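S.K.: Next one to model:
(one chain, ligands or ions: 1)
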Amino acid sequence: MKAKIELNNKTILVTGSPGFIGANLVLRLLRELKAGTVISFDSMNDYYDPALKQYRLALIEEAAKASPVEHVFIQGNLADKTLVDEVFSQYRPSVVVNLAAQAGVRYSIDHPEAYIESNLVGFFNILEACRHYPVEHLVYASSSSVYGGNKKVPFSVDDKVDNPVSLYAATKKSNELLAHSYSKLYNIPSTGLRFFTVYGPAGRPDMFYFSATNTLSKGGTIKIFNYGNCRRDFTFIDDIVEGVYRVMQGAPEKATGEDGLPLPPYAVYNIGGGQPENLLDYISTLQEELVRAGVLPEDYDFEGHRELVGMQPGDVPVTFADSEALERDYGFTPKIDIREGLSAFAEWYKAYYCNQ
Ligand SMILES: NC(=O)c1ccc[n+]([C@@H]2O[C@H](COP(=O)([O-])OP(=O)(O)OC[C@H]3O[C@@H](n4cnc5c(N)ncnc54)[C@H](O)[C@@H]3O)[C@@H](O)[C@H]2O)c1
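M.R.: Next comes the predicted model:
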């Protein structure tokens, strides 16, 4: 059972907005809610082109003008405990969605400190703040990468995930463990969401579909890892936002155990389409949609711009979400297929980069 959380008239803190997922969530909240305050908190770091974050922030500020909901943007670092405490003390958020993190598997090879700072110290600061300024629900981003090289498919939240194959995955699994202890000790309702490869308009340029588009549009050749023998559960951004939006409104219920102490109001879900796509099919669809949108020429030589190479460290050959629990508890399974999702991305890419 879930405790119903009314989002209207509340203060909602979204960290990692205007990051990709955070910005889209805040846009949804500004469109949907009738009253309240939404706070975006982000360091605006330059892990990828900060102009994209400024662009998303401009969309948020535009949407805020037409919304009855107040929007506040705070630029700061989650690892700054004093600042995080100040934000909680001043705004007393009822619902916190922690999406700020150092993302990406490959970057963790050369920049491990960034993961410790944002994903461990930063997340710890959020937990401490939720302890001292109680919240109705803490929702936070975990990742499908916690499944590592899990052989059993689809990946279920009941699977044992103690074998991360990247530091990024290790920090995300640590977040789930830390959240469990805080849920138990301080009765903080928390829900972790394992997102499966999220893509869409104004997404992250470090991700394959986006960097491949950059390369192809300049006439370059893309590297296809593991010789294309990868299957990924790709999830379109609108499906992720729908999932997060629903989850925010249903917190794990508080209950007391036989020992008279709180049972941890704690849950973890997958959010992924549950329909893994072969990487080569995904790339073909991407190329077709880029041609259709006018990013690539009509007579584009697909085969001539692909190079099949081996596996990269930290990567996994398959991701496949078992979405049953999300469907059971929140009545939702992602539905948008790659044709529709990549078409939206290609249209956006054309308008953003090619028409400027
Ligand atoms: N996009 C995906 O495919 C995917 C998959 C699994 C999990 N996730 C997780 O979802 C969340 C959002 O991902 P995204 O794709 O929107 O990434 P993103 O990089 O676009 O957004 C994250 C934001 O967090 C901010 N940030 C990083 N460290 C910070 C810090 N210390 N203090 C304040 N802000 C900080 C960044 O500036 C960025 O804007 C992340 O936690 C990520 O690990 C994403």
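
S.K.: Could you find the closest non-adjacent residue to Pro112?
M.R.: Leaving aside its chain neighbours, Pro112 sits nearest to Leu167 (5.4 Å; criterion: C-beta to C-beta, 6 or more residues apart in numbering). For the C-beta atoms, the positions are set from N, CA and C on the backbone; glycine is no exception.

S.K.: I misspoke; the intended subject was Ser17.
M.R.: Ser40 is the one closest to Ser17 (C-beta to C-beta, 6+ apart), at 3.8 Å.

S.K.: quick one: secondary structure of the one you found?
M.R.: strand (DSSP: H, G, I helix; E, B strand; the rest coil).

S.K.: Show me what residue of the stretch 1-150 of the chain gets nearest to the ligand.
M.R.: Closest to the ligand within the stretch 1-150 of the chain is Gly19: 2.1 Å, counting by C-beta to the nearest ligand atom.

S.K.: List the residues that contact that residue.
M.R.: Contact analysis of Gly19 by C-beta atoms under 8 Å, 6 or more residues apart in numbering lists 42, 53, 56, 99-100.

S.K.: burial count for the residue nearest to Ser17?
M.R.: If you count neighbours by other C-beta atoms under 10 Å, Ser40 ends up with 27.

S.K.: is the lengthiest helix in the chain anywhere near the ligand?
M.R.: As assigned by DSSP state H, the longest helix anywhere in the chain is helix 167-186. No. Contact between helix 167-186 and the ligand is absent, the nearest approach being 6.6 Å (criterion: C-beta under 6 Å from any ligand atom).

S.K.: does the ligand sit close to whichever helix or strand comes after that helix?
M.R.: The helix or strand immediately downstream of helix 167-186 is strand 190-195, counting by DSSP states H and E. Yes. For a cut-off given as C-beta under 6 Å from any ligand atom, strand 190-195 has contacts with the ligand, namely Phe195.

S.K.: Strand 190-195 pairs with which strands?
M.R.: Here strand 190-195 has these sheet partners by DSSP bridges: strand 137-143 (parallel), strand 266-271 (parallel).

S.K.: Dump those to TSV, plus mean neighbour count, distance to Ile240 and mean pLDDT.
M.R.: As requested, the strands paired with strand 190-195 are exported to TSV (neighbours: other C-beta atoms under 10 Å; distance: least, C-beta to C-beta, whole Å; pLDDT from 0 to 100):
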stretch	mean neighbour count	distance to Ile240	mean pLDDT
strand 137-143	26	10	98
strand 266-271	24	6	98
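
S.K.: These into JSON lines, with extra columns for distance to Ala293?
M.R.: Below are the strands paired with strand 190-195 laid out as JSON lines (distance: least, C-beta to C-beta, whole Å):
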{"stretch": "strand 137-143", "distance to Ala293": "29"}
{"stretch": "strand 266-271", "distance to Ala293": "27"}
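
S.K.: As JSON lines, these with distance to the ligand would be great.
M.R.: Converted to JSON lines, the strands paired with strand 190-195 look like this (distance: least, C-beta to the nearest ligand atom, whole Å):
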{"stretch": "strand 137-143", "distance to the ligand": "3"}
{"stretch": "strand 266-271", "distance to the ligand": "9"}
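
S.K.: Out of those strands, the one nearest Thr215 is which?
M.R.: Ranking the strands paired with strand 190-195 by proximity to Thr215 (C-beta to C-beta) places strand 137-143 first, at 24.8 Å.

S.K.: Distance from the closest one to the middle of the chain?
M.R.: Remark: strand 137-143 is offset 9 Å from the chain centroid, using C-alpha atoms, centre = their mean, to the nearest Å.

S.K.: Contact partners for Ala344?
M.R.: 200-201, 236.

S.K.: again, 7 Å this time
M.R.: Ala344 is in contact with 200-201, counting by C-beta atoms under 7 Å, 6 or more residues apart in numbering.

S.K.: Same question for the one 10 residues further on.
M.R.: Shown in contact with Cys354 (C-beta under 7 Å, 6+ apart): Val295.

S.K.: correct me, but the residue nearest to Ser17 touches Leu13?
M.R.: No. Taking contacts as C-beta atoms under 7 Å, Ser40 lies outside contact range of Leu13: 8.5 Å.

S.K.: Helices of the chain, start to end?
M.R.: Secondary structure of the chain (DSSP H): helices at 20-32, 50-65, 81-91, 107-110, 112-115, 122-132, 167-186, 208-217, 237-248, 279-293, 324-330, 338-349.
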